[in-house]
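Below is the sequence, then the predicted model.
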Amino acid sequence: MKRSAGFEVFSHGNPIGRTAFEHRDPPMGVAFGRFLPGPGYTSIQGAVRRTLRSADRVEDQKPLGLSVRTEAGLEIHSDNGVSIADGSTDFDPDDIEIEMLGVSDYERHFGRGATSDA
């Protein structure tokens, strides 16, 4: 089942893109998937790329103020934060992923049918 890109991603409250969180692991509180950048992403892309090989990307990206909201506008709280891995190049512009670790109230944000397909 294909999911729509129904989650909006923000940096300090400014929209930077969307994701469908195609891969989810409810017992672990994990959601990740392809990040679809919007026009606002260019303002933080350099900072995101500098953290690509970081051992603690979530911590290194905290100054970017990343957050995710549902289609209904509810912010999804994540105990361990949000991070973006941008390995995109001119030859592979789609190589950008987003992940949330330790999502609180998982069922509320992803629904009762959220399955472990990670």
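Yep, that arrived.

Which elements pack onto the biggest strand by length in the chain?
Counting by DSSP state E, the longest strand found in the chain is strand 30-37. The elements that strand 30-37 packs onto, with contact taken as 3 or more CB pairs under 8 Å, 6 or more residues apart in numbering; DSSP states H and E, are strand 14-19, strand 23-25, strand 96-100. For the C-beta atoms, the positions are set from N, CA and C on the backbone; glycine is no exception.

could you give the mean pLDDT of the shortest one?
Going back to what we said before, that points to strand 23-25. The pLDDT scores in strand 23-25 average 92.

ok, it: who's next to it in the sheet?
Strand 23-25 sits in its sheet next to strand 30-37 (antiparallel), going by DSSP bridges.

tilt between the partner strand and strand 96-100?
Here the directions of strand 30-37 and strand 96-100 differ by 140 degrees (axes from the mean of the first three to the mean of the last three CA atoms, to 10 degrees).

what does the helix or strand following strand 30-37 rub up against?
Per DSSP states H and E, the first helix or strand lying C-terminal to strand 30-37 is helix 45-50. Helix 45-50 is contacted from outside by 37, 61, 63-64, 84, 86, using CB atoms under 8 Å, 6 or more residues apart in numbering.

For helix 45-50, buried residues please.
45, 48 (16 or more other CB atoms under 10 Å).
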